[in-house]
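# Starting from these lines, generate the structure:
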Amino acid sequence: MATWKTLLERYLGHPPAGAGETTQWRWSWQTPWPVEWPAWLGCVVALAVMAAVVWSYRRESATLSRMQRLTLTGLRIAALVVGGLLWMQPTLIIARSGLPPVALLLDTSASMAQQDQPSGAQPSPGQEQRWDQVVRALSADQGRFLAELTASHPLRVFEFGGSAAPVQATDAAPTDVAALLSAIQKLQPDDHQTRPAEAVRQVIAELRGTPPTALIVFTDGVASESETDNLSQAAELIRRRGTELYVVPVGSDEPRRDLELFDVVMDDVAFVGDPVVISGKLKATGIAQPRVTIEARIEDSPQLLAEQSVTLQRDEQTQRFELVFTPESAGDFTVTIEVPRIEGEADVVNNREERMLSVRDEKLQVLLVESAPRYEFRYLKQWLERDNSVTLQTLLIEADPEYAREDRTAIAYFPVQREELWKYDVVILGDISPSQLGVSAADWLAEFVREKGGGLLLVGGVRNNPRSLAGTPLEPLLPFALDAVDIAAWEQSIADGFHPQLTLDGQKGVPMFRLAGSESDSLAAWNGLPNLYGLLEIREVKPGARVLVEHPLRRGRVDRLPVILLHQVGAGKVMFHATDELWRWRFRTGDTYYGRYWGQAIRYLSRGRLLGQDRAAELVVDRQSFLQGEPVLLRVRFLDDRLSPTRDNAVRVVVERSGEGRREVTLNRLPYLPSVFETQVLGLPAGTYHAWLSSPSFDASPPAADFRVESVHREYERRPVNRVDLQLAARKTQGAFVPLAEVPGIPARIAAGRTVPLEQGRPLPLWSRFEPLLLLMSLLIGEWVLRRRWRLV
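Okay, the predicted model is just below:
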């Protein structure tokens, strides 16, 4: 019920007090006498004037009765009092105080349009959206929740997505519930971003004069940009303001069901009979089944190339996979790598990757040169003669002249013209001295590797190789310095024996040690190979040289002693065997592993010549479309390894957007794939991008790739409510995590709080209003009328 003060304030035009507000009155006036007068003197003057009025009426005609004199005296004194008060210019100042407001924040991002359904079910048009749940909770009992809030506190309602915006311009009053509810029902969940923390900061900043008593946030809590936008990131600010936080989670806890293949790597050129390795990563989200199968096929063909069953680990944990197959025919193919879709999967596009593969069936030209017929020479020559993919010629320097006429693969002398040497794809040099080959042989071999991309394989020995290479053009091709070699240690190795050990690079980075179909079978085959004995002790390798196989125990200056090394020199590759006893691998298995290794090693060394120089490197983006805020993975793979820098961080890529500036990023070498460099680019705004390799430089157009960054897609992904972060926000602020069913109880839980000044005072001058003037005129006219009636005038 309105009090007389409320009625008077309304009459005077003062705005009515809102929910939780009160008013305080204060008077202001000016003294009508000089300021230097004391107050008692003013009172004496006023009393003297009143006494004079009384005295003047006492001496009036005696015909007046006592009541008439008192009436006239009272009217005169009242007129004097009213006039004196008007002279003092009385002003009423009405101050306003009340409880701080309650802020209601409603998430209207596009993720709130998501339909939550049971596990395995597909969304349907008739299902309820998350936003519908919010509207239903606020509309229950004709907006009772809003009515109770507005009855006890000022209420400010905001919608938010990427930023917060008020739903109405002023605080909601109890009488505004219907209009407020109508405004909320008209909102649409279509904002392309969700930034709960930023929305809270904006609301607190807008209400900085009166920090809110409570914040009530209806949201699914899923920040679309980054984790810095999670609601818990604003918890400390809320706590410092002394504001209660009530978090209402909206949405299902059922996680998004998805299988995603990414970071898929495969060589795009291979040879018939060589293993092709496909490596990549799989991420499973919300998948209940324990295992899935990844398959590789030729596109539009039922033929299964390879498959791997993967055991799913913790939710959203990334797992590596590796598929291996051996092409049986030449041609250009599209290889699809796919994990079958599961029931209810949110996105099936990312279940599949495609890669181009060019398979070649070209006979390799191999020249095998040896001084004396060591065991390695004999067994290798026999196997190469039986390999239909190789055209072999052999040069045995210490053989009789008749040997070249009797052996169908033998030649009598080393090529005497450079062009004759350059017809070969791979040259294998045993324990020979360059002087045994001719004056120009060393120069031609160096050019063969550097310029023509030929492969050179050196099999070390105790007589000439590598010691006789000192001072020749072949010395710089070695993956080690000659002063780091100890020939005498060979005898110690013979006495001890050892089983060589694959390095990570040997296991993952090159194909020649793939001795069986799967990686596990290949390792098992490797571990079952016989021991080796003779070994050149190479104490240190050159920077950039790759150790593929090493001694299991003995160490050099830095690492274990290398057994097989690989070195990129210009356009070609140089491989060095620090032992000549691989022939021992034939024990009980024949050419099963021995021949497989040599065939794969020769084909690997020949890639530089067969691929040519048109496609020396490629730039790959892991997919064509990214969501804003996601990292963009750039990968550079050198097909012509002569352009692969020796430094791990020397590869740079320029990323540019049409009409915008450019950004140059540095890529780092992968430790298990030395010819591959990667980096992640963060913080790219939405748009279409062109990336190209800026370093090292190319004579022709550099490798390039295009991709796009989208700003809206992430909001439309099926994602569960971020319950963990919302609970963390409530816990940090000592607030409450309130399920939708318990929303009606929130108003009763909000503390009353302490009143704060809302308005210092609004002055209302009374002396200039018509009511006091009307009263004064009424008193004066009344006295004059009575005096005239009583014949005093």
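
# Looking at per-residue confidence, what score does the residue positioned nearest the centre of the chain get?
The centre of the chain sits closest to residue 630, judged by CA atoms, centre = their mean, with a distance of 3.8 Å. pLDDT recorded at residue 630 is 81.

# Likewise for the one 3 residues further on?
Residue 633 is assigned a predicted lDDT (pLDDT) of 92.

# With residue 761 instead?
Taking residue 761 on its own, its pLDDT is 66.

# Packing partners of the helix or strand in which residue 394 is found?
Using DSSP states H and E, residue 394 maps to strand 390-396. Applying 3 or more CB pairs under 8 Å, 6 or more residues apart in numbering; DSSP states H and E, one finds that strand 390-396 makes contact with strand 364-370, helix 375-386. No exception for glycine: its C-beta is placed from N, CA and C like everyone else's.

# any weak-confidence spans in the stretch 151-300 of the chain?
169-175, 209, 255-256, 288 (pLDDT under 70).

# where along it do the helices fall?
Secondary structure of the stretch 151-300 of the chain (DSSP state H, counting those that start in this stretch): helices located at 177-185, 196-206, 235-240.

# Next, count neighbours for the closest residue to residue 435 other than its chain neighbours.
Spatial nearest neighbour of residue 435, chain neighbours left out: residue 468 (7.3 Å); criterion: CB to CB, 6 or more residues apart in numbering. Neighbour count of residue 468, defined by other CB atoms under 10 Å: 19.

# tell me which helix or strand of the chain sits lowest on mean pLDDT?
Sorting the helices and strands of the chain by mean pLDDT, DSSP states H and E puts helix 490-496 at the bottom, at a mean of 63.

# as a whole number, average confidence for the very next helix or strand once past that one?
Following helix 490-496 in sequence order, the next helix or strand is strand 501-502 (DSSP H and E). Strand 501-502 shows a mean pLDDT of 95.

# What strands flank strand 501-502, and is each parallel or antiparallel?
strand 546-555 (antiparallel) (DSSP bridges).

# Going by neighbour count, which residues of the strand it pairs with are buried?
546, 547, 548, 549, 550, 551 (16 or more other CB atoms under 10 Å).

# List the contacts of that strand.
479, 498-503, 505-506, 509-510, 513, 535, 537, 541, 559-567, 674 (CB atoms under 8 Å, 6 or more residues apart in numbering).

# Now that strand - C-alpha only, CSV.
Output of strand 546-555 as CSV, limited to C-alpha atoms (Å, rounded to 0.1, in the frame of the first residue of the first chain):
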residue,chain,number,x,y,z
ARG,A,546,71.2,-39.6,-40.6
VAL,A,547,72.1,-42.6,-38.6
LEU,A,548,69.6,-45.4,-39.5
VAL,A,549,71.2,-48.4,-37.8
GLU,A,550,73.6,-48.2,-34.8
HIS,A,551,75.6,-50.5,-32.5
PRO,A,552,73.5,-51.5,-29.5
LEU,A,553,76.3,-50.7,-26.9
ARG,A,554,79.5,-49.2,-28.1
ARG,A,555,79.5,-45.4,-28.3
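
# Tell me what angle the helix or strand that that strand is followed by forms with strand 546-555.
Next helix or strand after strand 546-555 toward the C-terminus (DSSP H and E): strand 560-569. Interaxial angle of strand 560-569 relative to strand 546-555 (axes from the mean of the first three to the mean of the last three CA atoms, to 10 degrees): 160 degrees.

# Please give the centre-to-centre distance between strand 560-569 and its chain.
38 Å (CA atoms, centre = their mean, to the nearest Å).

# Now do the very next helix or strand once past that strand: which elements does it pack against?
Following strand 560-569 in sequence order, the next helix or strand is strand 572-577 (DSSP H and E). Counting by 3+ CB pairs under 8 Å, 6+ apart, the packing neighbours recorded for strand 572-577 are helix 441-450, strand 455-459, strand 560-569, helix 591-605, helix 607-611.

# These: which one's closest to residue 730?
strand 560-569 (55.3 Å; CB to CB).

# related to what we said a few turns ago, using CSV, lay out the helices and strands packed on strand 572-577 together with mean neighbour count, mean pLDDT and distance to residue 222.
Shown next, in CSV, are the helices and strands packed on strand 572-577 (neighbours: other CB atoms under 10 Å; pLDDT from 0 to 100; distance: least, CB to CB, whole Å):
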stretch, mean neighbour count, mean pLDDT, distance to residue 222
helix 441-450, 21, 93, 56
strand 455-459, 24, 96, 54
strand 560-569, 24, 93, 47
helix 591-605, 21, 91, 48
helix 607-611, 20, 71, 47
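
# and the helices and strands packed on strand 390-396 as TSV, adding mean pLDDT and mean neighbour count?
Below are those laid out as TSV (pLDDT from 0 to 100; neighbours: other CB atoms under 10 Å):
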stretch	mean pLDDT	mean neighbour count
strand 364-370	94	23
helix 375-386	94	18
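
# how about these, which one is nearest residue 395?
Among those, if distance is taken as CB to CB, the winner is strand 364-370, at 4.6 Å.

# The closest one pairs with which strands?
Strand pairing (DSSP bridges) places strand 364-370 next to strand 390-396 (parallel), strand 426-429 (parallel).

# Out of these, which one sits most buried?
Comparing those by mean neighbour count (mean count of other CB atoms under 10 Å), strand 426-429 ranks first with a mean of 26.

# just the CA coordinates of it, formatted as PDB?
In PDB, the C-alpha atoms belonging to strand 426-429 read as follows (Å, rounded to 0.1, in the frame of the first residue of the first chain):
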ATOM      1  CA  VAL A 426      72.500 -46.300 -58.500                       C
ATOM      2  CA  VAL A 427      76.200 -47.000 -58.100                       C
ATOM      3  CA  ILE A 428      77.400 -49.400 -55.400                       C
ATOM      4  CA  LEU A 429      81.100 -49.000 -54.500                       C
END
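
# Other residues contacting it?
364-369, 380, 421, 445, 448, 454-459, 465, 602, 605-606.

# switch the cut-off to 6 Å
366, 367, 368, 369, 455, 456, 457, 458, 602, 605, 606 (CB atoms under 6 Å, 6 or more residues apart in numbering).

# still on that earlier bit, dump the helices and strands packed on strand 572-577 into CSV; add distance to residue 189 as well.
Output for these, formatted as CSV (distance: least, CB to CB, whole Å):
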stretch, distance to residue 189
helix 441-450, 64
strand 455-459, 62
strand 560-569, 56
helix 591-605, 56
helix 607-611, 53
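
# Just give me the neighbour total for residue 646.
12.

# Surely it and residue 544 touch.
Yes. With contact defined as CB atoms under 6 Å, residue 646 counts as touching residue 544 (3.8 Å).

# What number of residues are in the vicinity of residue 304?
Count around residue 304 with other CB under 10 Å applied: 11.

# one step back: now the helices and strands packed on strand 390-396 in CSV, with distance to residue 131?
As requested, the helices and strands packed on strand 390-396 are exported to CSV (distance: least, CB to CB, whole Å):
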stretch, distance to residue 131
strand 364-370, 66
helix 375-386, 71
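
# mind checking how far residue 336 is from residue 328?
18 Å (CB to CB, to the nearest Å).

# So those two - more neighbours on which side?
Of the pair residue 336 and residue 328, residue 336 is the one with more neighbours under other CB under 10 Å, namely 17 against 10.

# What's the separation between residue 305 and residue 140?
Residue 305 is 59 Å from residue 140, by CB to CB.

# and these two? which has more neighbours close in?
residue 305 (21 against 13).

# Touching, that one and residue 326? I think so.
No. Here residue 305 lies out of contact with residue 326, judged by CB under 6 Å, at a distance of 8.9 Å.

# hmm, back to that, wait, which of the strands paired with strand 364-370 is closest to residue 217?
strand 426-429 (68.7 Å).
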